[in-house]
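>>> After the sequence you'll find the predicted model.
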Amino acid sequence: MRFGVVVFPGSNCDHDAWYAVRENLGQEAEFVWHDSDRLGNLDAVILPGGFSYGDYLRCGAIAKFSPVMRAVKKFAADGGLVLGVCNGFQILVEAGLLPGALVRNAGLKFVCRELRLRIETTDSPFTGAGAKGQILRMPIAHGEGCYVADDRTLDELEAEDRVVLRYLDNPNGSARDIAGVLNRERNVMGMMPHPERAADPLMGSTDGLVVFKSMVAAFAHA
Amino acid sequence: MTTITPELIATHQLTGAEYDKIVGILGREPSYTELGIFSVMWSEHCSYKSSRLHLKKLPTRGKLVVQGPGENAGIIDIGGGYVAAFKIESHNHPSFIEPFQGAATGVGGILRDIFTMGARPIAVMDALRFGPLDDPGNGARNRRILEGVVSGIAHYGNCFGVPTVGGECVFEACYNGNPLINVFALGIAKKEEIFYAKAAGIGNPVIYVGAKTGRDGIHGASMASAEFTEESKQKRPNVQVGDPFLEKLLLEACLEAMQTGAIVGIQDMGAAGLTCSTCEMGSRGGTGIEIELDRVPQRETGMTPYEIMLSESQERMLLVAEKGREEEVFRVFKKWGLDAVTVGRVTGDGLLRVREHGETVAEIPNQPLADSAPLYDRPHTLPPRTAPIEAPEFASTNLTRDLETLLGSADICSKRWIWEQYDYQVRTNTLKGPGADAAILRVKETGAALAMSLDGNARYCYLSPREGAKLIVAECCRNLAVLGAEPVGATNNLNFGNPERPEVMAQLVEAIEGIAEACRFFEVPITGGNVSLYNETLGEGIWPTPVMGVVGLLKTGEPVRMHFRQPGRAVMLVGGVGECDAIRFGGTQYAKAVLHDLWGLPPALDLEREKRLQAAVREMARAGAAESAHDLSDGGLAVALAECSFGAAGVGAEIALDSNLRPEFLLFHEGPSRVLISTAEPERVAEIALRHGVEALRVGGTIEGEIVIRRQGQELVRAQIDSLRNVFGQALENQLRA
């Protein structure tokens, strides 16, 4: 399976995602530069963490205008798998591919911490290889990861089983402990925690591999 | 045309004799711009004029040293065709004036020093020193400075994408008006792809890349070379503003441009900006550089040559490219959206020639400007002893409570509140992050790993600069040994007061000689560093504060843990209970936090014994004989035992000691050369220790949920881990909220 990792100016988890896919997962990975408007022959796209364009406006607010995002939107509309991690989640939300918004952490500070997540649904190409209720240990590292949306949207997300991951110890004030959500078509997921940092036993946890392995399995069955 | 008057010379912090030397070099009176250029290049910060003579005493050679002092960073060979470039820098003065930007640009500056050598930064550590957060007069300001500094470091490092993996944060009243912000950074490069800051090839273009030049930071280097007065607080415009996003682009663009093979030499514009980069590159290359200021990208209009040459605007680099290959370089910078402009060329006449609108505004021989700065052998009489030698009367009424006091004290308590604001994992190399004896970063390219430890102890150095400095080197090396790493190189940051005071100069000389002796003994070469003098506010100097950063090599693998992992393991005190008397107890954290006092001498260090201890614990770690290991330092045995118990497993220990030391000494003395280990193989640990001629006492075993310490049947300490953990974990936040 061929993963594309988008590189925006200011992306800084791009290499980590690339490394996890290639070295820890054993799949193919390549970088996609932000000003290319074609994705080429990819089976999945990862929008990595970092500070795209410096994030001096709202996080992800500039990245959504980059040429590559037009290609990503088309890729998603055609049913391709798109995973946004951290800044990638913020970009997906800004680009309108996912509902809600990510605002400043409730504690008003950047937080880097390993914590526990619960898989809320396995009916997704990102968690299919896991078990419902399974607890995952994974780090977060963000200053603006507080997920917010109006009640109607939140109710809808829950009713449609689109809340994929929840925090056990909510670190940022996210509404209803939400750590990751799906789009309606279930082929786009955004999550604040970093699965690529929990993909190697030396880094303390391999629980993040569930996300990537699920994508591989989903692709194989598609 | 500005006339050079004695007042003008004085405001440039040049002495009459220094001015005469300038006139001698030029063979005429300098222009205003030239005076400015000389004043920054000959400032203490850039020229090390008070310390150079003594820095020569440091050992700088070793079989792994690829680059010693004198370049942007030191470089050591880490095997597999790769090298590590590392250095430490201070940003003390700017961080006092504007904590957030001061600290942020401190991080930015040291990162540029690393990637200008072709190395990608993979780790940052910080040694931070502030006035006490509960200081009666200055507490509120100290809290504000700490919060600003921490968020500045987080802002810059997190966005740039380098993990901040450890460091230290301590508090003393002497830092009330002069906090210390020392930033260490380390990067990795291929050995064949190291770049140097040398201008070679007559006729080659000199290219300016990165941010535009503004009026920020003019005379930053000179500010860092003077004491603080009431007026310094007015120097806010001297502090630069950082843009970590721009620096990230600069990093990627520089590393990519280096791959083209078209770059001959490169240097960042840090202290003294365009002045320093042009004349140092020329001086190192034995060439001249001619630049035309009209071509320098400028953020503001109407800037004078003086301002352009002295600006310390951040995120700028100067490089020399091969003639005819400029386009290859420009193409890369354009891809990253950065300015890259040819501003001049390399010449054969050895002169730094600065032109504006075609007219020469400065013309100075490079070599004397960069290398013939005044050199002072300042008087250094031994410091008057300000701490009493004799111990006060004291007797503890509750040793468990004393332990709690220490665990909740500002120096010892958990710094989680600080390091959680740093991304300590980005680039997924962090095998061991903050909150440990040392950090470990893997090198994915080679399978090696690098351990790094950053340490200082101004209390020890105040009592004896020489002995204190040796103890710091020993502790850094011990921190690495505990993890199985072999120290291979070091960098130092020497933070002192006004060197024109003989007693301060004496502290500096003593500390340098102490570092030199210990580094020579442990065979750890110093590959570079930084000297920060004039750390004084309103005539009040800081304590002598040398900070060491030591780098060690090991293999990538699961690191030795600090925390006890399961009950039923043997607990061993390798190195034994150590020795202490009342005089040697005066510099301890117990004296500070429990007795609020300081006296006597630092703990006694036996270098031979320390070396044997380190060899023994290194072997234990590498052989997998230690299930956990932690060195004894601040707060001694009892604090180390508690820290080992603060793991997720909730495992503590019950130990019994046979010693005639009085209980306070036994539990809390800080004698070096000791490590606490838990192991499933006590016989193997004993065997290794014996072979190295080191004592290894089997003092007890690990148990669930509490720690108990007995001496000759008498219970000295008994405490639940959870209650101690609470005190340890919450203390800093409580103080900040006060």
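The structure has been received and is ready for your questions.
>>> backbone phi and psi for B:Met309, please?
phi -70, psi -30 (degrees, to the nearest 10).
>>> so what's it closest to, chain neighbours aside?
B:Thr275 (4.8 Å; C-beta to C-beta, 6 or more residues apart in numbering or on different chains). For every residue, glycine as well, the C-beta is placed using N, CA and C.
>>> Kindly state the pLDDT recorded for that neighbour?
Looking at B:Thr275, its pLDDT reads 92.
>>> Could you do B:Asp371 as well?
85.
>>> returning to what we had before: what about the residue nearest to B:Met309, distance to chain A?
According to C-beta to the nearest C-beta, to the nearest Å, B:Thr275 stands 29 Å off from chain A.
>>> How about the lengthiest helix in chain A and chain B, any contact?
The longest helix of chain A (DSSP state H) is helix A:209-221. No - counting by C-beta under 8 Å from any C-beta of the partner chain, no contacts exist between helix A:209-221 and chain B, the nearest distance being 13.0 Å.
>>> Return the set of buried residues in that helix.
A:Leu209, A:Val210, A:Val211, A:Phe212, A:Lys213, A:Ser214, A:Met215, A:Val216, A:Ala218, A:Phe219 (16 or more other C-beta atoms under 10 Å in any protein chain shown).
>>> right, and the first one touches A:Glu196 too?
Yep, that's A:Leu209 we're talking about. No - the criterion here is C-beta atoms under 8 Å, and A:Leu209 misses it with A:Glu196 at 9.5 Å.
>>> shared neighbours, these two?
Residues touching both A:Leu209 and A:Glu196 by C-beta atoms under 8 Å, 6 or more residues apart in numbering or on different chains: A:Ala20.
>>> which SSE is the residue nearest to B:Pro94 when sequence neighbours are not counted in?
Nearest non-adjacent residue to B:Pro94, counting by C-beta to C-beta, 6+ apart: B:Gly102, 3.4 Å away. Element membership for B:Gly102, per DSSP states H and E: helix B:99-115.
>>> What strand or helix carries the residue nearest to B:Met309?
helix B:273-285.
>>> Tell me where chain A has strands.
For chain A, the strands defined by DSSP state E occupy A:2-7, A:28-33, A:44-47, A:81-85, A:101-103, A:111-119, A:135-142, A:146-148, A:163-167, A:178-182, A:188-191.
>>> Kindly report the same for the stretch 151-300 of chain B.
Along the stretch 151-300 of chain B, the segments classed as strands by DSSP state E, counting those that start in this stretch run B:164-171, B:180-190, B:205-210, B:263-268, B:288-292.
>>> Looking at these, spot the one closest to chain A.
strand B:164-171 (8.9 Å; C-beta to the nearest C-beta).
>>> and the closest one, is it in reach of chain A?
No - residues of strand B:164-171 are not located near chain A by C-beta under 8 Å from any C-beta, the shortest gap being 8.9 Å.
>>> what's the angle from that strand to strand B:180-190?
160 degrees (axes from the mean of the first three to the mean of the last three C-alpha atoms, to 10 degrees).
>>> average pLDDT for strand B:164-171?
97.
>>> Mind exporting the C-alpha coordinates of it to CSV?
Output of strand B:164-171 as CSV, limited to C-alpha atoms (Å, rounded to 0.1, in the frame of the first residue of the first chain):
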residue,chain,number,x,y,z
THR,B,164,13.3,19.7,24.1
VAL,B,165,14.4,16.6,25.9
GLY,B,166,15.6,17.8,29.3
GLY,B,167,17.6,20.2,31.3
GLU,B,168,17.4,21.7,34.8
CYS,B,169,15.6,24.5,36.6
VAL,B,170,16.8,25.8,39.9
PHE,B,171,16.3,28.9,42.0
